[in-house]
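Q: give me a 3D structure for the following:
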Amino acid sequence: MKIICLAFLALVSISSISSTQTDRYQTRTGSISFEASVPTFEPIRAVNKSTTVVLDMKTGNIAALALVKGFRFPIALMQEHFNENYIESDDYPKAVLKGTLSNFDANGFSQNTSTTFILNGTLELHGQKKMISIPVLLSQSGENIQLESNFNLKPADFNIEIPSVVSNKIAQEVQISVKAILNKK
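A: Below you'll find the predicted structure:
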């Protein structure tokens, strides 16, 4: 009888764990790009294609993690300056976003539709945490959810200093673009 009870408890535990896991979508190949270009100067842009993004379909919670050294620039010297002089990636190796999609209802979210939600949460970058509120577009197709977001950030909000020598060559607001295809886990 003890063996039957233990087997039943194990089965219930496994099924509750797997039902929890099926409510989570994630990727490790999300893409974050940014552009800080100003007209008449060399374009300043980079992309990171190894961003981890997790969406909990029960709660609407989202978490994202990008290693700062994962950003790739078309010019190696820009990448070096970005990591050493601006973002100081040895001291601040990652950017972390955590938040909740407002008015998110997984039951109202259906196949082949796109819905924009507002993500309210915190972004930690360069050792600074800032409350943010950004639009997030979710689209479901088959077993995947596509996530997209476009928003602006100010380097000054994260204590990222731009030397006066180059301040006219770098935008005061950086355009951020996030794209990820999340798979059911």
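
Q: now do the contacts for the nearest residue to residue 28 once chain neighbours are set aside.
A: Residue nearest to residue 28 in three dimensions, not counting chain neighbours: residue 52, with 5.0 Å by Cβ to Cβ, 6 or more residues apart in numbering. All C-beta atoms are positioned from the backbone trio N, CA, C, and that covers glycine. Residue 52 makes contact with 26, 27, 28, 30, 64, 65, 66, according to Cβ atoms under 8 Å, 6 or more residues apart in numbering.

Q: neighbours of residue 62, how many?
A: Counted with other Cβ atoms under 10 Å, residues neighbouring residue 62 total 25.

Q: hey, what's it bridged with?
A: For residue 62, the beta-bridge partners under DSSP bridges are residue 55, residue 99.

Q: now do the buried residues in the lengthiest strand in the chain.
A: Scanning the chain for the strand with the most residues, using DSSP state E, yields strand 128-141. For strand 128-141, the neighbour count (16 or more other Cβ atoms under 10 Å) marks 134, 136, 138, 139, 140 as buried.

Q: this structure: helices as residue ranges?
A: With DSSP state H, the ranges of helices along the chain come out as 2-21, 76-81.

Q: ok, of those helices, where does mean pLDDT dip lowest?
A: Mean pLDDT is lowest for helix 2-21 among those, at a mean of 42.

Q: ok, and what's touching stretch 91-105?
A: With Cβ under 8 Å, 6+ apart as the criterion, stretch 91-105 contacts 59-69, 117-127, 132, 136, 138.

Q: what is the rounded mean pLDDT of that stretch?
A: 96.

Q: what's the span of that stretch, first residue to last?
A: 38 Å (Cα to Cα, to the nearest Å).

Q: going forward, count from 622.
A: All set: I'll call the first residue 622, so the last point we hit is now stretch 712-726.
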